[in-house]
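Visitor: Give me a model of this one.
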Amino acid sequence: MTLKQHLLATGAVVAVMSPFAAFAELSSFTAGSILIDVDHYLFYILRSGRYDVAGMFRYFRGVDSNLANIPYLGVCIFHTVEFFLLVAVAGFFFPLFKPLLYGLLFHMLLDIADLVRLKCPFIRAYSLVEHLIRRKAGGYPFF
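Guide: Prediction:
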């Protein structure tokens, strides 16, 4: 999904949640839903050596247009089960990590639905362990 689509979907959910949640919780949910994609930017920096955000979007548009030819896209570190478990554990100690986790999960549901729509739900690894097993496949591995 595009950043614009994620922003629109997150805004709609936050609007529905707003009568039932505090501003801090809504902000935490929004941060989880949007900032999860920072790992794409970090990968772009490592891969290209450039820091321009517009270039990152151009780079990933090129990847997205080639999905049919890529057997394995790789792993996005903030999109993994391990990262989600880390945030869930933090939620036991810091209450604002719970809505952050819900935002991460919401984002992942949107991503998975989009990948199912594109008929490639298993093109990326959802776990670091899975990535270690699959990383020898062709494509654009993230690590």
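Visitor: C-alpha only now, for contacts and for neighbours.
Guide: Fine.
Visitor: After the one helix or strand in the chain whose mean pLDDT sits lowest, which helix or strand is next? Please name it.
Guide: In the chain, the helix or strand scored least confidently by mean pLDDT, DSSP states H and E is strand 74-75, which has a mean of 74. Later in the chain than strand 74-75, the nearest helix or strand by DSSP states H and E is helix 81-93.
Visitor: Show me what that next one is packed up against.
Guide: Other elements packing on helix 81-93 under the criterion 3 or more Cα pairs under 8 Å, 6 or more residues apart in numbering; DSSP states H and E are helix 97-117.
Visitor: For the helix it packs on, which helices and strands make contact with it?
Guide: For helix 97-117, the elements it packs on are helix 23-35, helix 81-93, judged by 3+ Cα pairs under 8 Å, 6+ apart.
Visitor: helices and strands around the helix or strand following the first one, which ones?
Guide: Using DSSP H and E, the helix or strand that follows helix 23-35 towards the C-terminus is helix 38-48. Under the contact criterion of 3+ Cα pairs under 8 Å, 6+ apart, the helices and strands touching helix 38-48 comprise helix 53-64.
Visitor: circling back to that earlier point, any chance of the helices and strands packed on helix 97-117 in JSON lines, with distance to Ser127 too?
Guide: As requested, the helices and strands packed on helix 97-117 are arranged in JSON lines below (distance: least, Cα to Cα, whole Å):
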{"stretch": "helix 23-35", "distance to Ser127": "18"}
{"stretch": "helix 81-93", "distance to Ser127": "5"}
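Visitor: Nearest to Ser65, out of those helices?
Guide: helix 23-35 (22.1 Å; Cα to Cα).
Visitor: which residues are contacting that closest one?
Guide: Outside helix 23-35, the residues that touch it by Cα atoms under 8 Å, 6 or more residues apart in numbering are 3, 6-7, 10-11, 14, 17-18, 96-97, 99-107.
Visitor: Correct me if wrong, but Pro95 is in a strand.
Guide: No. Using DSSP: H, G, I helix; E, B strand; the rest coil, the secondary structure at Pro95 is coil, not a strand.
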